[in-house]
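Student: the sequence isn't on hand, but the structure is:
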């Protein structure tokens, strides 16, 4: 029998563990998290290690071609692969970052700052890893407002009670 009190609502929940802090790795957790929140899911995002930087008030996200052999950029009317060796040259990472930011702006893709704000406005639960804060000597005052502090036990408890779990 259909529960009239929950009719039209989605009682599912999602947890996301974000471990990476580069521009390209910042998008998946925020896109999935804000989309799930828009679908009335209860969303918790746990930020640890380099992913913790995504919660800093001041973002300076970068990209690198190193370790990313699948990286292709649309240039000169085709898709050009970025060989790993190119990343070793001075200024390449800065150039690739600028190219990606320009491409995203041209295509109308929201910035990480905008997606992060949407997460906060959608009541996505944002948790910063206490151990990572201590390890990298980051103060909670360096983080955006509304972030909770928690540890591995918090992340495990959330994941154990979630319908969908992502690790990125």
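Tutor: Here it is on my side, so go on. Being a predicted model, the structure only gives us computed values, none of them experimental. Numbering: from 1, shown residues only.

Student: helices along the protein, start to end?
Tutor: 23-38, 92-106, 112-121, 130-135, 152-160 (DSSP state H).

Student: could I get those as CSV with distance to residue 74 and mean neighbour count?
Tutor: Quick note: C-beta positions are derived from backbone N, CA and C, even for glycine. Listed next are the helices of the chain as CSV, based on distance: least, C-beta to C-beta, whole Å; neighbours: other C-beta atoms under 10 Å:
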stretch, distance to residue 74, mean neighbour count
helix 23-38, 15, 19
helix 92-106, 7, 14
helix 112-121, 21, 16
helix 130-135, 35, 14
helix 152-160, 37, 15
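
Student: now distance to residue 167 and mean pLDDT too, for those, in TSV please.
Tutor: Output for these, formatted as TSV (distance: least, C-beta to C-beta, whole Å; pLDDT from 0 to 100):
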stretch	distance to residue 167	mean pLDDT
helix 23-38	10	96
helix 92-106	23	86
helix 112-121	18	96
helix 130-135	15	97
helix 152-160	9	97
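
Student: quick one, which of the ones you listed is nearest to residue 61?
Tutor: For residue 61, the closest of the helices of the chain is helix 23-38, at 4.0 Å, according to C-beta to C-beta.

Student: counting contacts, what elements does that closest one pack onto?
Tutor: Helix 23-38 sits against strand 13-18, strand 42-47, helix 92-106, helix 112-121, strand 164-167, with contacts defined as 3 or more C-beta pairs under 8 Å, 6 or more residues apart in numbering; DSSP states H and E.

Student: beta partners of residue 72?
Tutor: residue 81 (DSSP bridges).

Student: for the helices of the chain, which one sits closest to residue 145?
Tutor: That would be helix 112-121 among the helices of the chain, by C-beta to C-beta, at 7.8 Å.
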